[in-house]
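Chemist: got a sequence here, can you model it:
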Amino acid sequence: MIRAAGAHLVILDATVPHRFCEAQILPQLVKYLGESAQVTPEVYGELKRSARGNRFAGLRLLEVVGWPKVTDVLPPQLRVEFEHLRRAAQQPDDPPTKHIGEIATVLMAKHLNADLIILEDSLGKRLAQKKGLTRISTAQLAVEMVVYDALTEVEGLVVFNLAATNAGASVFQERLKDRRLGDGV
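Modeler: From the prediction side, this is the model:
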């Protein structure tokens, strides 16, 4: 299994920083993924908008530390596919920005030959699988970070529950055990 911290290029969706911000441990995420983490301009815009409000005010740290790097915009040949996918996913009552982060993240990850993509959205998961990308969730990242001592078990459980919708401590402990066995840690 690929380790996020050992990857050369990791493309993140907005959910990852959002969950770590909610858990109030965003600096640990920044330190763990370091220079390998990148987001698309669409995701960066989403993070900046979120940082303006009180709920995700902690995201302002990202601008201060200049993390993560922002990719270039999608090249013209991918803009056509992006628009096609966006229109296909759009429901009548959806805001026009719905799904743009996930779609751009997947397309850019494929374009840049990213080692890993971290996202949650079901549309994003399907697209990543279709494009043959290696993907993990924020909950899986939290487990990895505990296994490699980048988070305490308490911190990891908080992020895990935020990302996995309160899956609980027993599920978290099972995932830790599985990851430790799988990685030989």
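
Chemist: and the helices in the protein, which stretches?
Modeler: 15-22, 26-33, 41-51, 60-65, 76-89, 100-112, 122-130, 138-147, 153-163, 169-183 (DSSP state H).

Chemist: dihedrals phi and psi, the residue of the chain most remote from its centre?
Modeler: For the chain, the largest distance from the centre (C-alpha atoms, centre = their mean) belongs to residue 92, which lies 26.6 Å off. Dihedral angles of residue 92 (phi, psi; degrees, to the nearest 10) stand at phi -50, psi -40.

Chemist: hang on, the earlier thing: do you know which of the helices of the chain lies nearest residue 7?
Modeler: helix 26-33 (8.4 Å; C-beta to C-beta). (Each C-beta comes from the backbone N, C-alpha and C, glycine too.)

Chemist: in contact with the nearest residue to residue 51 once chain neighbours are set aside, which residues?
Modeler: Among residues not flanking residue 51 along the chain, residue 59 sits closest, at 3.8 Å (C-beta to C-beta, 6 or more residues apart in numbering). Residues near residue 59 by C-beta atoms under 8 Å, 6 or more residues apart in numbering: 17-18, 21, 26, 47-48, 50-51.

Chemist: quick one on the thing from earlier: closest to residue 9 out of the helices of the chain?
Modeler: helix 100-112 (6.2 Å).

Chemist: who wins for neighbours among the contacts of residue 59?
Modeler: residue 17 (28 neighbours; other C-beta atoms under 10 Å).

Chemist: show the pLDDT at that residue.
Modeler: Looking at residue 17, its pLDDT stands at 98.

Chemist: look up how far residue 33 lies from it.
Modeler: 10 Å (C-beta to C-beta, to the nearest Å).

Chemist: what about stretch 92-105, start to end distance?
Modeler: 23 Å (C-alpha to C-alpha, to the nearest Å).

Chemist: next one: stretch 122-140
Modeler: End residues of stretch 122-140 are separated by 15 Å (C-alpha to C-alpha).

Chemist: stretch 115-123 too?
Modeler: First-to-last residue span, stretch 115-123, C-alpha to C-alpha: 20 Å.

Chemist: kindly report the same for stretch 88-108.
Modeler: 19 Å.

Chemist: what's the average pLDDT for that stretch?
Modeler: 91.

Chemist: next up, the contacts around the spatially closest residue to residue 115 that is not a sequence neighbour.
Modeler: Nearest residue to residue 115 in three dimensions, chain neighbours excluded: residue 7, at 3.8 Å (C-beta to C-beta, 6+ apart). Residues in contact with residue 7 (C-beta under 8 Å, 6+ apart) are 36, 114-116.

Chemist: show me the two of those that sit farthest apart.
Modeler: So, the contacts of residue 7 by C-beta to C-beta: farthest apart are 36 and 114, at 9.3 Å.
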